[in-house]
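K.L.:
based on what follows, work out the 3D shape:
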Amino acid sequence: QVQLVESGGGLVQAEESLRLSCAASGMPFSINEMGWYRQSPGKQRDLVATITKGGSTNYADSVKGRFTIFRDNAKNTLYLEMNRLKPEDTDVYYCNAAIVRSKRDRKDYWGQGTQVTVSS
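P.N.:
Residues are numbered from 1 along each chain as shown. As a prediction, this is how the structure comes out:
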C-alpha cells in the first residue's frame, strides 16, 4: 500500500523559503514519476514540479528559478525547496507518485496535503 506523508508546510512572509518533504513507503517498482501539485479551494489541482525515475525534472512556469524538486532515494523522500515565496504560492501542496504509461494512462497516488501560506 502506497503511503505518501507530506510535512514542512507553514506560514511564512513573502521572499522567505520553505522546504516540503514527502516520505514515501510501499512504493511499487513501477512508479516512474513523483511530483508536487497544489490546489486552492474550488480550483483544480495544478502541477508544480515533477521528477522522473531517471531524474528529469519539469516545473510550472510560475515557479521556475524559485523552486527545486529533488529526492533522496536512500531515505525514500521527495523534497520541494521553495525560495523567494510569493503570496500567490499560497495553497495546499500535495505529494504525488505515479505510474505513467502515456499522457492519458496513468495511475496516481496522493498524500494528504500540507498547507503553505505566504503573507505579504
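K.L.:
only C-alpha atoms, please: export the strand ranked longest in the chain in CSV.
P.N.:
Longest strand of the chain, by residue count under DSSP state E: strand 91-102. C-alpha atoms of strand 91-102 as CSV (Å, rounded to 0.1, in the frame of the first residue of the first chain):
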residue,chain,number,x,y,z
ASP,A,91,-2.1,26.7,-1.5
VAL,A,92,-2.3,23.2,-0.2
TYR,A,93,0.6,21.2,-1.6
TYR,A,94,0.2,17.6,-2.4
CYS,A,95,2.8,14.9,-3.0
ASN,A,96,2.2,12.6,-5.9
ALA,A,97,3.6,9.3,-7.1
ALA,A,98,2.5,8.0,-10.4
ILE,A,99,2.8,5.1,-12.8
VAL,A,100,2.8,6.9,-16.1
ARG,A,101,2.3,4.8,-19.2
SER,A,102,1.2,7.6,-21.6
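K.L.:
strand partners (parallel or antiparallel) of that strand?
P.N.:
strand 33-39 (antiparallel), strand 105-110 (antiparallel), strand 114-119 (antiparallel) (DSSP bridges).
K.L.:
spatially central residue in the protein, please.
P.N.:
Trp36 (1.7 Å; C-alpha atoms, centre = their mean).
K.L.:
so that residue sits against Leu20, correct?
P.N.:
Yes: at 6.8 Å, Trp36 counts as touching Leu20 under the criterion of C-beta atoms under 8 Å. Just so you know, the C-beta spots here come from the backbone N, C-alpha and C atoms, and that holds for glycine as well.
K.L.:
so what sits against both of the two?
P.N.:
When contacts are counted by C-beta atoms under 8 Å, 6 or more residues apart in numbering, Trp36 and Leu20 have 80, 93, 95 as shared neighbours.
K.L.:
need these in JSON lines (columns: pLDDT and distance to Gly9).
P.N.:
Listed next are these as JSON lines, based on pLDDT from 0 to 100; distance: C-beta to C-beta, whole Å:
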{"residue": "Leu80", "pLDDT": "98", "distance to Gly9": "10"}
{"residue": "Tyr93", "pLDDT": "98", "distance to Gly9": "6"}
{"residue": "Cys95", "pLDDT": "98", "distance to Gly9": "11"}
